[in-house]
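Participant: model this:
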Amino acid sequence: MPSSRLVRTSTLTAAALCAGLLAAPQHAAATDDGVRIHDVQGNTRISPLLGERVGDVPGIVTAVREFGSARGFWLQDRRPDGDPATSEAVYVHTGGETPDVEAGDELRLDGTVAEYYPGGKEAGGQSVTQLTEPEWTVRSQGNSLPAAHRLDARTVPTRYAPQAEGGSIEDRRLRPGRYALDRYESLEGMRVAVTNTRVVGPTSAYDDLWVTTDPRQHPTPRGGTLYGSYAHHNSARLKVSSLLDADLHPFPQADVGDVLGGRTEGPLDYEQFGGYTLRATSMGRHHSGGLERERTREHRPDELSVATYNVENLSPATPREKFARLAEGLVENLASPDIVTLEEAQDDSGPEDDGTVSAAETLDALTAAVREAGGPAYEWRQIDPEDNADGGQPGGNIRVAFLFDPERVSFTDRPGGDATTPVRVEEADGAPRLSVSPGRIAPQDDAWEASRKPLAGEFVFRGRTVFVVANHFSSKGGGDLDGDQPMEGRSQPPARHSEPQRIEQARLVNEFAAQVRKVDRNAAVVAGGDFNDFPFSPALDALRTDAALTSPMDALPANERYGYVFNGNSQTLDHLLTSPGAGAADYDIVHLNAEFADQSSDHDPSVVRLRPRR
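Facilitator: Got it, this is the predicted structure:
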């Protein structure tokens, strides 16, 4: 006999509505008894019943979210309508209260139809159709769950999304057989499954990972999925998190190339960071792929080795273990480069916003850790920024810096460089020289607003002057207002709002290299760092204008050009560019962080070995 218990849950507060709901209820009149979940979902991304109170909607509880401020459960209809564009499931939002239901419960439910934008509508993502202010009756318990829809190369299209010329695709009728985002949206809330799937994004600190539903889609040699152009979004990427009890079912600590064997299944959700996400109620068994951290070869005596490494918000507040691991990476994996352009060194008080701008303690701690690891007695050079002027973590005052091995190279110190004084290229006896060394490139130009300023330095290697520029361009950010629109968002193609600033930054660095080469066409210039953009981007094109700088990375096989993994896409943000006068270049991206759950930074370092022309 059906259960007679009636459960009423709390309604959403006004604050919760403001946080992400498209609309509060417009009226409370129940609709006809014939309303089913596919009627609520409709065949676009926005419910045709938005704001209406619907009544006596049938379904089976398939999963319960018992944590966080957005608790609730997924309800799925056992009688689909046969239209592949309409989802047969919906999320029932109970706010901060844990719902008194279990998977397998058959319900009849009243609720108000709403659209929830994770992170708020301004974040640029898609909405989740929900039923809010729910009231329900449990009719029976212990029912079998609807079969999970299998996601694989056959069911997920390779085309990523319909195009709306930068506008919203919310009102477009879903075409799940043509576009991956439409396929996922047509399954919103429904039980889905992946089988024997490869990990393409390692487990994060938030206990989630990325898998691929098509192992043949742009694979890297180490098991990832390559993001090689704006046209290749890699539709098979899918985020996985867990609804299981973490004490009984710890989330797998997986690296790229590992496999979740068997079936991983659960409702398909959408979240701010990553978009469509499989909330696992059953997790496949983790099988390690045995991925190993790479080591580059040692440089030869006549080779100048220059590396770039984003050390991710390093400060004296950072655990000593991270300093030790970074040092080990520099010594063992990077073979103690002659010069390192370092990004994200924070000031001596770390994220504490107390007016401190010096980073001497940070850099001393890192160079001491390198010596303890058996590496060279690196010296460092940098310029303190103005307080809170260069972006990054508030109070952290991240900046770029040079490390160098004085046994292999010497640094030409010329005083006068500070946070606001621009470095100039001068001519002395027919050769280029810097007015200040180290010095900042055009630090007061609007292109560097709230962004790190490039640091130029003059080095000497085996009697040859080499000009090195350390860079950390402005970030891509997120959302419609602050940065680039998300790839998986409602605007297609997504606008790259942050790009114009990086293009201007690139032009300034290119102009600096051109000024050096104007004095000496055979001058050796190296520009390294986290440029926060891709090899195929307009910003990198601007850096390479008139061949003042070139990308030796291009000599690598295309599927090996990556050093960062974001949302399951293996991609390149860090670069080392060289002038023709820098000579033949041997380039290596040393994979020791980005593909691993256990990482000392979210970036892989890169190294280029040069024989500067005389």
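
Participant: mind naming the longest helix for the protein?
Facilitator: Ranked by residue count under DSSP state H, the longest helix found in the chain is helix 499-519.

Participant: got the angle for the helix or strand just after that helix vs helix 499-519?
Facilitator: Tracing the chain past helix 499-519, the next element assigned as helix or strand by DSSP states H and E is strand 524-530. Here the directions of strand 524-530 and helix 499-519 differ by 160 degrees (axes from the mean of the first three to the mean of the last three Cα atoms, to 10 degrees).

Participant: which other helices and strands contact strand 524-530?
Facilitator: Of the remaining helices and strands, those touching strand 524-530 by 3 or more Cβ pairs under 8 Å, 6 or more residues apart in numbering; DSSP states H and E are strand 304-314, strand 339-345, strand 464-472, helix 499-519, strand 574-578, strand 606-610. For glycine as for every other residue, the C-beta is placed from the backbone atoms N, C-alpha and C.

Participant: quick one: end-to-end distance for stretch 73-82.
Facilitator: Separation of the first and last residues of stretch 73-82 by Cα to Cα, to the nearest Å is 24 Å.

Participant: so where is the stretch 401-550 of the chain shaky, pLDDT-wise?
Facilitator: Applying pLDDT under 70 to the stretch 401-550 of the chain flags residues 478-482.

Participant: just the strands in it please.
Facilitator: 410-411, 425-428, 431-434, 439-440, 455-461, 464-472, 524-530 (DSSP state E, counting those that start in this stretch).

Participant: helices of the protein, residue ranges please.
Facilitator: Shown for the chain, the helices assigned by DSSP H span residues 14-20, 37-41, 180-186, 320-328, 360-372, 479-482, 499-519, 538-543.

Participant: any idea how far P493 is from N234?
Facilitator: Spatial separation of P493 from N234 under the definition Cβ to Cβ, to the nearest Å is 15 Å.

Participant: which of those two has more residues huddled nearby?
Facilitator: Just comparing P493 and N234: by other Cβ atoms under 10 Å the higher neighbour count belongs to N234, 24 against 17.

Participant: spatially central residue for the chain, please.
Facilitator: The central residue of the chain, meaning the one whose C-alpha is nearest the mean C-alpha position (Cα atoms, centre = their mean), is F566 at 3.6 Å.

Participant: quick one: contacts for that one?
Facilitator: With contacts taken as Cβ atoms under 8 Å, 6 or more residues apart in numbering, F566 has the following neighbours: G201.

Participant: pretty sure A254 sits against L209.
Facilitator: Yes - using Cβ atoms under 8 Å, A254 makes contact with L209 at a distance of 5.3 Å.

Participant: intersection of neighbour lists for the two?
Facilitator: Among the neighbours of A254, those also in contact with L209 (Cβ under 8 Å, 6+ apart) are V199, P202, T203, A597.

Participant: any idea how far the nearest residue to V259 once chain neighbours are set aside is from R198?
Facilitator: For V259, the nearest residue in space outside its immediate sequence neighbours is H287; the separation is 4.5 Å by Cβ to Cβ, 6 or more residues apart in numbering. Relative to R198, H287 is positioned 10 Å away (criterion: Cβ to Cβ).

Participant: where does pLDDT dip in this protein?
Facilitator: Scanning the chain residue by residue, the ranges that satisfy pLDDT under 70 are 1-33, 166, 478-482.

Participant: quick check: domain ranges of it?
Facilitator: With automatic domain parsing as the criterion, the domains of the chain are listed as 6-140, 149-287, 304-610.

Participant: just send those domains back as CSV, with distance to E298 too.
Facilitator: Formatted as CSV, these follow (distance: least, Cβ to Cβ, whole Å):
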stretch, distance to E298
domain 6-140, 46
domain 149-287, 22
domain 304-610, 5
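
Participant: go through these and name the closest to T296.
Facilitator: With distances scored as Cβ to Cβ, the stretch of the domains of the chain nearest to T296 is domain 304-610 (4.7 Å).

Participant: return the distance of that closest one from the chain's centre.
Facilitator: For domain 304-610, the separation from the chain centroid amounts to 19 Å (computed by Cα atoms, centre = their mean, to the nearest Å).
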